[in-house]
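Undergrad: how does the following fold in three dimensions:
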Amino acid sequence: MEYVTALPRTRTEAAAPARPGRRSLALALLCGALGAAVALLASRQRWAEGTATVAGGAFPLSVDGSDVTGVPAALAVVGLAALVAVFAVRRTGRFLVAGLLALSGAGTVAAALAGASDGAALDEKAAQASGDTAATAASLSHTAWPYVAVAGGALILLAGLLALAYGRLWPAMSGRYERSGAPRARAPRPVDPDRPEDLWKALDRGEDPTTDDPA
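TA: Have a look, this model is predicted:
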């Protein structure tokens, strides 16, 4: 009869499955944090410019990303919170939070693309400047900042996709300090031969109180 001896796994073989998890974790953290920062920064910059016709001539107008749409900034904050929450949950909860992270990135991309050519915010400012509710902005032009927000949303989306694909390999918050609900087993008290109640309790447990414990 042949006996097969299992060879011990080398350190390299044991560490091989953990490498994709560590790399994806580092990449997701970088993409998620950087994407949220970029989207928030882009939302505060000038997205469009134009002019309004007033009595004194052409009046210059400009709108920031937050004037055009507040969705990219809001979803960037949601994505950043989801990125942190990924490590607080496990299994199904982690999958759901990773999905929220990916959806936040996709929503940021969609909202920024929609706002890249939107002139409603400039028209509103033109109506306020001219006093005519039907006035619209002229000489309308857009900057590149909406597309910077798109790039930020794409990074958040990438972080969410990484979390969906590799999140099961990532560590979770330690439960070292969490109390277990299971009751602790108590060691039986030594039997005192001079106390009859201890002798009866030992007999109830199936022990022989007349014998010493084996060494």
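
Undergrad: report the distance from stretch 112-123 to the chain centre.
TA: Once both centres are worked out by Cα atoms, centre = their mean, to the nearest Å, stretch 112-123 turns out to sit 29 Å from its chain's centre.

Undergrad: which residues touch it?
TA: Outside of stretch 112-123, the residues within contact range by Cβ atoms under 8 Å, 6 or more residues apart in numbering are 39, 42, 47-50, 61, 63, 65, 67-69, 72, 135-137, 140, 142, 146-147, 149-150, 152-153. In short, each C-beta sits where N, CA and C put it, glycine included.

Undergrad: could you flag which of the residues you listed are buried?
TA: 39, 42, 47-50, 61, 63, 65, 67-69, 72, 135-137, 140, 142, 146, 149-150, 152-153 (16 or more other Cβ atoms under 10 Å).

Undergrad: among those, which are located in strands?
TA: When those are checked against strands using DSSP state E, the ones located there are 47-50, 61, 63, 140, 142.

Undergrad: now tell me which of these the prediction trusts least.
TA: Within those, the minimum per-residue pLDDT falls on Leu140 (82).

Undergrad: wait, that one touches Gly50, no?
TA: Yes. When contacts are counted by Cβ atoms under 8 Å, Leu140 is listed as touching Gly50 (4.4 Å).

Undergrad: contacting residues around the residue nearest to Leu164 when sequence neighbours are not counted?
TA: On the basis of Cβ to Cβ, 6 or more residues apart in numbering, the spatially nearest residue to Leu164 that is not a chain neighbour turns out to be Ala98, at 4.6 Å. For Ala98, the contact set (Cβ under 8 Å, 6+ apart) comprises 82, 86, 160, 163-164, 167.

Undergrad: what helix or strand is the residue at minimal distance from the centre of the chain on?
TA: Relative to the mean C-alpha position of the chain, the nearest C-alpha, by Cα atoms, centre = their mean, is the one of Leu83, at 1.6 Å. For Leu83, the element it lies in under DSSP states H and E is helix 71-85.

Undergrad: what does Ala52 give?
TA: strand 46-54.

Undergrad: so that strand versus strand 138-142, what angle?
TA: Between the direction of strand 46-54 and that of strand 138-142, the angle (axes from the mean of the first three to the mean of the last three Cα atoms, to 10 degrees) works out to 180 degrees.

Undergrad: low-confidence bits of this structure, can you list those?
TA: By pLDDT under 70, the low-scoring segments of the chain are 1-18, 173-200, 202-215.

Undergrad: one more pass at 80, please.
TA: Using pLDDT under 80 as the threshold, the predicted model of the chain has low-confidence ranges 1-21, 53-57, 129-137, 139, 172-215.

Undergrad: sounds good, over and out.
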